[in-house]
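Student: Show me how the following folds:
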Amino acid sequence: MLNTIREDIRAIYSRDPAARSTWEVLFAYPGLHALWSHRFSNWLWRHHLKTFARWTSHMTRFFTGIEIHPAAKIGTGFFIDHGMGVVIGETAEIGHNVTLYHGVTLGGVSLEKGKRHPTLEDNVVVGAGAKILGAITIGTGSRIGANAVVVRDVPPDSVVVGVPGQIVKRSISHLESPDLEHGRLPDMIGETVTQLMRRLETVEKSLNIHMVDHPVLDLDEYVTEFAAPGNTVSIGKRKSGSIHEVHAPDKGIWHGEDFMI
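Tutor: Presented below is the predicted three-dimensional model:
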């Protein structure tokens, strides 16, 4: 028992630079309190005292803001940082050295009995507000970005961002320890749009080079006006403010004037 308590405290020290003393960890970390309470309620559940186990879980939620079903399986080195709003479902399984931040949901999407909640393998980190739904598996060493919604299996050593979650396999392995670098999240949509813009620019330049007799209209000078259905389409001079060029992002920052904000 004492070794388990020491391991719990060590996990907090290793993953939270705000932890200053053992006394502070013992008395001011609701994630730790919720974990200890869950171990007791899980023991009650396994010994067929299920109503008492649920009541214990309910009281823990009241005091910590963290709801963990007594039947959930949790490994060693588990850390819930801040904790408010965390929900862990009945058939959830959590491996060793897993980290959850506030607002995380490990939820089910089925009314069927049996396995319906996620499995998180070792060294997984789940960012604030993320939702992991269904009987899916999050592979070892993966990181789920804040507010991502994950509804399919994630292979080991991956990063997930967005709604629905987009999976990016790491180029540099991070299997041995939890990855807490939340600022390093890929922007797949922004990168895709940027690549499309560059590709379109290349195509337009090629067309302007080869179509000498009928050059492509310069949108800086002309605007296409669409009439009612069935009528002709007319092309006239540019109307002020009606068409503008969307600039590619500069170091990840888009231009506000391109989106009228």
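
Student: what stretches of the protein score poorly on pLDDT?
Tutor: The model of the chain has pLDDT under 70 over residues 174-178, 182-183, 208-261.

Student: Could you pull up phi and psi at G89?
Tutor: Taking degrees, to the nearest 10, you get phi -80, psi 170 for the backbone angles of G89.

Student: Look up how far V98 lies from L35.
Tutor: From L35 over to V98 the distance is 11 Å, taken as C-beta to C-beta, to the nearest Å. The way it works is simple: take the backbone N, C-alpha and C, and place the C-beta from them, glycine included.

Student: Give the intersection of the neighbour lists for these two.
Tutor: Jointly contacting L35 and V98 under the rule C-beta atoms under 8 Å, 6 or more residues apart in numbering are F78.

Student: Name all residues that make contact with I132.
Tutor: 104-107, 118, 120, 126, 138, 144, 150.

Student: mind checking which helix or strand it is in?
Tutor: strand 131-133 (DSSP states H and E).

Student: Now the lengthiest helix in the chain: buried residues?
Tutor: Using DSSP state H to define each element, the chain has its longest helix at helix 188-210. By neighbour count on 16 or more other C-beta atoms under 10 Å, the buried set for helix 188-210 is empty.

Student: what does stretch 107-118 give?
Tutor: Residues 107-108, 116-118 are the ones in stretch 107-118 that count as buried (16+ other C-beta under 10 Å).

Student: Export those residues to CSV and append columns for distance to S57 and secondary structure.
Tutor: Listed next are those as CSV, based on distance: C-beta to C-beta, whole Å; DSSP: H, G, I helix; E, B strand; the rest coil:
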residue, distance to S57, secondary structure
G107, 16, strand
G108, 16, coil
R116, 18, coil
H117, 15, coil
P118, 18, coil
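
Student: Take these and lay them out in TSV including distance to I5.
Tutor: Below are the buried residues of stretch 107-118 laid out as TSV (distance: C-beta to C-beta, whole Å):
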residue	distance to I5
G107	29
G108	31
R116	32
H117	27
P118	27
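
Student: Report the backbone C-alpha coordinates of stretch 5-15 in PDB.
Tutor: Extracted as PDB, the C-alpha positions of stretch 5-15 are listed here (Å, rounded to 0.1, in the frame of the first residue of the first chain):
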ATOM      1  CA  ILE A   5       1.000   5.700  -2.600                       C
ATOM      2  CA  ARG A   6       4.700   6.600  -3.200                       C
ATOM      3  CA  GLU A   7       4.300   5.700  -6.900                       C
ATOM      4  CA  ASP A   8       1.100   7.900  -7.200                       C
ATOM      5  CA  ILE A   9       3.000  10.900  -5.700                       C
ATOM      6  CA  ARG A  10       6.000  10.200  -7.900                       C
ATOM      7  CA  ALA A  11       3.800  10.200 -11.000                       C
ATOM      8  CA  ILE A  12       2.500  13.700 -10.100                       C
ATOM      9  CA  TYR A  13       6.000  15.100  -9.400                       C
ATOM     10  CA  SER A  14       7.200  13.800 -12.800                       C
ATOM     11  CA  ARG A  15       4.300  15.300 -14.800                       C
END
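
Student: contact partners of that stretch?
Tutor: Residues contacting stretch 5-15 (C-beta under 8 Å, 6+ apart): 19, 22, 25-26, 29, 31-32, 35-36, 76-79, 81, 97, 99, 178, 180.

Student: switch the cut-off to 6 Å
Tutor: Outside stretch 5-15, the residues within contact range by C-beta atoms under 6 Å, 6 or more residues apart in numbering are 19, 25, 76-77, 79, 99.

Student: The residues you listed: which two are farthest apart?
Tutor: Pairwise distances across these (C-beta to C-beta) peak at 18.0 Å, for the pair A19 and T76.

Student: how close does I138 sit to K205?
Tutor: Distance, I138 to K205, using C-beta to C-beta: 44 Å.

Student: Also G83?
Tutor: Taken as C-beta to C-beta, the span from G83 to K205 is 54 Å.

Student: same question, M1
Tutor: 71 Å.

Student: With S158 instead?
Tutor: 37 Å.

Student: next one: M84
Tutor: 53 Å.

Student: W43 too?
Tutor: 70 Å.
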